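> A structural model of the following input is requested.
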Amino acid sequence: MKKAVIAMFALVAFAGTAFAADTIEMKKGVKFNHKAHQATVGNCKKCHEKAPGKIEGFGKEWAHKNCKGCHSDMKKGPTSCKECHK
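Take a look at the predicted model:
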């Protein structure tokens, strides 16, 4: 029984990564390549702090602070308006 509970927990915890879309289209013409970010960042908790799935508090301010900030820190990815909003 204990093994079954652990297996179910693992299945639920990691299902988001198995079924995540490769590219997500967001508002204002922004396309987000989820698969490329998974490969580059590697640590899902960098964006998904609490659990796989939707990002808590995601919106314009969150994206500009976290996405643009990460791109600047890593010196990779778009940082100007027109590079994301096409």
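
> just the strands in the chain please.
For the chain, the strands defined by DSSP state E cover 23-25, 31-33.

> Kindly compare burial across those strands and name the winner.
Most buried of the strands of the chain, by mean neighbour count (mean count of other CB atoms under 10 Å): strand 31-33, with a mean of 13. (Glycine included, C-beta is placed from N, CA and C.)

> Note down every partner strand of that strand and its orientation.
Strand 31-33 has the following sheet partners, assigned by DSSP bridges: strand 23-25 (antiparallel).

> picking that back up, include distance to Cys67 and mean pLDDT when you put the strands of the chain into CSV, please.
What follows is those, written out as CSV (distance: least, CB to CB, whole Å; pLDDT from 0 to 100):
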stretch, distance to Cys67, mean pLDDT
strand 23-25, 12, 90
strand 31-33, 8, 92
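
> low-scoring pLDDT stretches of the protein, where are they?
1-20 (pLDDT under 70).

> Repeat the analysis, applying 80 as the threshold.
1-21, 51-52 (pLDDT under 80).

> tell me the contacts of the residue nearest the centre of it?
What sits nearest the mean C-alpha location of the chain, by CA atoms, centre = their mean, is Cys47, with 5.2 Å. Shown in contact with Cys47 (CB atoms under 8 Å, 6 or more residues apart in numbering): 37, 41, 55, 66.

> cool, and Phe32?
23-26.

> how about 6 Å then?
Ile24 (CB atoms under 6 Å, 6 or more residues apart in numbering).

> Quick check: bridge partners of it?
Going by DSSP bridges, Phe32 forms beta bridges with Ile24.

> Could you number the chain from 13 rather than 1 from now on?
In the new numbering, first residue 13, that becomes Phe44.

> And the residue nearest to the centre of the chain, how close does it get to Thr52?
Distance of Cys59 to Thr52, given as CB to CB, to the nearest Å: 12 Å.

> just Ile36 next, same as before
For Ile36, the distance to Thr52 - CB to CB - is 15 Å.
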